[in-house]
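Undergrad: What would the 3D arrangement of this be:
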Amino acid sequence: MIVEQVIGNVADLPPAERESLHVEKVVLPSADLVKRIQRVTTDHGRTLGLRLNSPHGRDGDLKDGDILLRDESGVVAVSVEATDVLVIAPRSITEMGVTAHALGNRHLQAQFFDASSEYAPRSWSSSSITPWPTT
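TA: Below is the predicted model of the structure:
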């Protein structure tokens, strides 16, 4: 089966519906969340093809809980694989520049958040998160 759009997100469903719903998961590493075309396998062994028509960029990327398929047996939803991350909170513009340069030289992906983000600790004015390399 080919999936061309995300139907919704499990988190947006009413709590009563969520509790009674069978959720089949597609576990993806964070690097695969940006891919528009890929073949995935659920935790039940079902194979799906993704050919997403969503826009490129953060708004079009897959997110944890995105519903790819819904049928009478339940839903198939994205589950993001856990990964170690390095949280960086520069104290000055110079530290920010040095950090950005070092991350760029290693071609590491980075995400940036400010104090109002759900990911930023309360004591930081801004921070970035980058996957911690295992090699």
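Undergrad: how near is the closest residue to Met1 other than its chain neighbours to Glu24?
TA: Nearest residue to Met1, sequence neighbours excluded (CB to CB, 6 or more residues apart in numbering): Leu48, at 5.6 Å. The way it works is simple: take the backbone N, C-alpha and C, and place the C-beta from them, glycine included. As judged by CB to CB, to the nearest Å, Leu48 and Glu24 stand 10 Å apart.
Undergrad: same deal with Ser54?
TA: With CB to CB as the criterion, Ser54 and Glu24 are 21 Å apart.
Undergrad: Touching, Thr83 and Ser30? I think so.
TA: Yes: using CB atoms under 8 Å, Thr83 is in contact with Ser30, at 6.0 Å.
Undergrad: More neighbours: which of the two?
TA: Ser30 (17 against 11; other CB atoms under 10 Å).
Undergrad: re the thing from before, could you name every residue contacting both of Leu48 and Glu24?
TA: Shared contacts of Leu48 and Glu24 (CB atoms under 8 Å, 6 or more residues apart in numbering): 42, 76.
Undergrad: Report all helices and strands that the top helix by length along the chain contacts.
TA: Longest helix in the chain, counting residues (DSSP state H): helix 93-105. On a contact count with 3 or more CB pairs under 8 Å, 6 or more residues apart in numbering; DSSP states H and E, helix 93-105 meets strand 126-131.
Undergrad: count of neighbours near the nearest residue to Val34 once chain neighbours are set aside?
TA: Closest residue to Val34 apart from its sequence neighbours, by CB to CB, 6+ apart: Asp61 at 5.2 Å. Residues lying near Asp61 (other CB under 10 Å) number 17.
Undergrad: which of the residues in the longest helix of the chain are buried?
TA: 96, 99, 103 (16 or more other CB atoms under 10 Å).
Undergrad: repeat for stretch 19-34
TA: Buried, per 16+ other CB under 10 Å, within stretch 19-34: 24, 26, 28, 30, 32.
Undergrad: Taking these together, which two end up most distant?
TA: Within these, Glu24 and Ser30 form the most distant pair, 20.3 Å apart (CB to CB).
Undergrad: Is Arg18 in contact with Gly8, as I believe?
TA: No: if you go by CB under 8 Å, Arg18 and Gly8 don't touch, sitting 11.5 Å apart.
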